[in-house]
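A.B. asks: This is a predicted model, with the sequence first.
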Amino acid sequence: MSIVVRSTEPHEFRQAANAFSVALLNAPPSDQQWEHSLSSWKEQPSFSAWDGDVCVGHGSHHIVATTVPGGARLSTSAVTRIGVLPTHRRLGIGTRLMSELLDDARQRDLTLMSLRASEATIYARYGFGVAGDYCNATIDPIRVRPVAGASTAGSFRILDSNEIVDVVAALYDRIAHRRPGVVTRPLPWVTRMFRSAVEHSEPSFVVVHLDAGREPDGYVHYHVKWSEAMNSGPTGWGDVHDLFGATDAIELALWQYLLDIDLVTRWTAIGRPTDDLVMLAARDRRGYQQAAVQDEQWLRLVDVDTALRRRTYRGAAGSVSIQVTDPVIPGNNGAWRVSAEGAERTDDPPDLSVGIETISAAYLGGPSWTALTGTGAVDVRNPEAVTLADTLFASRPLPHCGTFF
């Protein structure tokens with residue numbers, strides 16, 4: 001069996017989509033689903049594996065930017081649609097597809113790679129580390145409201161379906177990048193994420209918060225429905241899909257809007273930050289129940305030097321020398337001196353030595369160096385450097401993306 005891995009030709013996109021869907025336990029896309037997704041396929045570098053004329057695997061990436069501590073947005077390969085048919089697993093096809101994507105990211109001079117993993121045991125071998133988590137939450141509006149710190153100025157407006165994509169795309173780009181880990185959203189992503197509200201296929205709505213000048217400075221996308229348990233009288237349930245505010249006060253005002261909607265007695269939210277602000281602002285914190293915490297961002301540094309130089313570090317007295325080993329990208333091998341003033345290459349003996357997957361996990365300021373050291377992922381030459389690295393790399397709020405791709 002000779003498997004060929006190469007760039008996907010445009011006329012092969014649907015074959016590749018069929019293979020990816022089956023690999024991820026889904027049916028091949030219908031004609032309508034394919035029509036909706038075709039534009040995104042045209043805009044992403046795509047690689048596929050072929051056994052003769054049969055597509056047996058696929059991997060692609062969008063070119064986006066990730067916000068890092070300090071606010072810089074670094075070019076990122078957002079890996080997506082990667083999978084291998086069950087008939088062709090354990091043949092190294094996934095590794096070959098990942099190698100093509102990594103090579104393409106290097107050729108494009110991208111700084112980071114990011115993905116959302118269907119399995120948590122695969123991607124460390126390719127240099128990825130878990131840089132951020134998310135939680136799912138169930139929220140009791142009666143117990144949570146009123147929320148402390150919510151802005152009482154401004155007003156709200158439900159967007160018409162024909163303005164949702166344009167308004168939200170511009171608003172998200174302007175206000176959403178307040179956390180490390182947030183990524184830019186290509187227009188096909190925005191169209192996909194808000195399709196239910198645009199097409200009125202469900203009771204799905206987008207509401208914007210307006211400042212004193214009637215300009216939008218935050219939005220929430222949500223879905224409401226009647227509950228299945230009507231024995232105690234009519235009651236509604238709601239799902240929060242997306243919520244961003246230009247400030248903490250506006251973000252909390254959007255939550256207050258949701259919690260005040262008549263008839264809704266339970267809200268669920270998927271993919272929220274683990275340090276979700278509304279949980280801390282709730283009147284009764286137990287009204288916000290974290291149902292699950294999962295790994296969200298798997299990150300890989302493609303260009304360690306650029307990545308370390310472009311983020312900022314917290315104030316600390318002293319510096320730490322970190323040696324990085326990358327078996328795939330030789331240019332990432334070396335040591336960097338990190339201090340509150342920044343990062344630069346150094347020939348000094350290392351205080352800490354790590355693999356590329358570990359520096360990638362620590363990069364956004366989520367997992368602490370103390371915790372990573374406890375797992376055996378850090379070779380410590382200077383014990384005091386672990387605490388110093390914790391201070392330098394820490395980021396608050398915690399890293400979170402909030403976009404599935």
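C.D. replies: Cool, the structure landed. Numbering: from 1, shown residues only.

A.B. asks: how about the helix ranked longest in the chain: buried residues?
C.D. replies: Ordering each helix of the chain by length in residues (DSSP state H) puts helix 93-107 first. Neighbour-count burial for helix 93-107 flags 93, 94, 96, 97, 98, 99, 100, 101, 102, 104, 105, 106 (criterion: 16 or more other CB atoms under 10 Å). Every residue, glycine included, has its C-beta placed from N, CA and C.

A.B. asks: Could you do stretch 275-295 as well?
C.D. replies: Burial within stretch 275-295, assessed by neighbour count using 16+ other CB under 10 Å, is assigned to 276, 277, 278, 279, 281, 282, 287, 288.

A.B. asks: which SS class is the fourth one?
C.D. replies: Secondary structure for residue 279, judged by DSSP: H, G, I helix; E, B strand; the rest coil, is helix.

A.B. asks: just checking, it touches residue 286?
C.D. replies: No - applying CB atoms under 8 Å, one finds residue 279 not in contact with residue 286, separated by 9.9 Å.

A.B. asks: Can you verify my assumption that residue 385 contacts residue 320?
C.D. replies: Yes - the pair formed by residue 385 and residue 320 meets the contact definition of CB under 8 Å, at 4.4 Å.

A.B. asks: got any residues that touch both of the two?
C.D. replies: 351, 352 (CB atoms under 8 Å, 6 or more residues apart in numbering).

A.B. asks: Would you mind telling me which of these two has the busier surroundings?
C.D. replies: More neighbours surround residue 320 than the other of residue 385 and residue 320, with 26 against 23 (other CB atoms under 10 Å).

A.B. asks: So that one sits against residue 354, correct?
C.D. replies: No - with contacts counted by CB under 8 Å, residue 320 stays clear of residue 354, the gap being 11.5 Å.

A.B. asks: any weak-confidence spans in the stretch 301-405 of the chain?
C.D. replies: Flagging of the stretch 301-405 of the chain using pLDDT under 70 yields an empty set of residue ranges.

A.B. asks: residue ranges of the strands in the stretch 251-400 of the chain, please?
C.D. replies: Along the stretch 251-400 of the chain, counting by DSSP state E, counting those that start in this stretch, strands occupy 264-272, 288-301, 319-325, 334-339, 342-345, 352-355, 378-380.

A.B. asks: any chance of those strands in a markdown table, plus distance to residue 17?
C.D. replies: Converted to a markdown table, the strands of the stretch 251-400 of the chain look like this (distance: least, CB to CB, whole Å):
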| stretch | distance to residue 17 |
| --- | --- |
| strand 264-272 | 24 |
| strand 288-301 | 23 |
| strand 319-325 | 37 |
| strand 334-339 | 40 |
| strand 342-345 | 41 |
| strand 352-355 | 34 |
| strand 378-380 | 41 |
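
A.B. asks: Residue 144 is nearest to which of those strands?
C.D. replies: Smallest distance to residue 144 across the strands of the stretch 251-400 of the chain (CB to CB): 5.9 Å, for strand 288-301.

A.B. asks: The closest one: partners in the sheet, and parallel or antiparallel?
C.D. replies: strand 112-115 (antiparallel), strand 129-139 (antiparallel) (DSSP bridges).

A.B. asks: Can you report phi and psi for residue 349?
C.D. replies: Per-residue torsions, residue 349: phi -60, psi 140 (degrees, to the nearest 10).

A.B. asks: before we move on, the earlier item: who wins for proximity to residue 46 among the strands of the stretch 251-400 of the chain?
C.D. replies: Set against residue 46 and scored by CB to CB, the strands of the stretch 251-400 of the chain come closest in strand 288-301, at 19.2 Å.

A.B. asks: just how off-centre is the closest one within its chain?
C.D. replies: How far strand 288-301 lies from its chain's middle: 9 Å, per CA atoms, centre = their mean, to the nearest Å.

A.B. asks: Dump it to PDB, restricted to CA.
C.D. replies: Taking Å, rounded to 0.1, in the frame of the first residue of the first chain, the C-alpha atoms of strand 288-301 are listed here in PDB:
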ATOM      1  CA  TYR A 288     -22.800  29.200  38.800                       C
ATOM      2  CA  GLN A 289     -21.900  25.500  38.600                       C
ATOM      3  CA  GLN A 290     -18.900  24.500  36.500                       C
ATOM      4  CA  ALA A 291     -20.000  21.200  35.000                       C
ATOM      5  CA  ALA A 292     -16.700  20.200  33.400                       C
ATOM      6  CA  VAL A 293     -13.200  21.600  32.800                       C
ATOM      7  CA  GLN A 294     -11.500  20.500  29.600                       C
ATOM      8  CA  ASP A 295      -8.300  21.300  27.700                       C
ATOM      9  CA  GLU A 296      -9.000  24.000  25.100                       C
ATOM     10  CA  GLN A 297      -5.900  25.400  23.500                       C
ATOM     11  CA  TRP A 298      -3.200  23.100  22.300                       C
ATOM     12  CA  LEU A 299      -0.300  25.400  21.400                       C
ATOM     13  CA  ARG A 300       3.000  24.900  19.600                       C
ATOM     14  CA  LEU A 301       5.700  27.500  19.100                       C
END
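
A.B. asks: Measure how that strand sits relative to strand 264-272, angle-wise.
C.D. replies: Here strand 288-301 runs at an angle of 20 degrees relative to strand 264-272 (axes from the mean of the first three to the mean of the last three CA atoms, to 10 degrees).

A.B. asks: what's the angle from strand 288-301 to helix 93-107?
C.D. replies: 70 degrees.

A.B. asks: and the strands paired with strand 288-301 as a markdown table, adding distance to residue 217 and mean neighbour count?
C.D. replies: Below are those laid out as a markdown table (distance: least, CB to CB, whole Å; neighbours: other CB atoms under 10 Å):
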| stretch | distance to residue 217 | mean neighbour count |
| --- | --- | --- |
| strand 112-115 | 27 | 26 |
| strand 129-139 | 23 | 22 |
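
A.B. asks: Would you reformat those as CSV and include distance to residue 179 and mean pLDDT?
C.D. replies: Output for the strands paired with strand 288-301, formatted as CSV (distance: least, CB to CB, whole Å; pLDDT from 0 to 100):
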stretch, distance to residue 179, mean pLDDT
strand 112-115, 14, 98
strand 129-139, 9, 97
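
A.B. asks: Nothing else from me, thank you.
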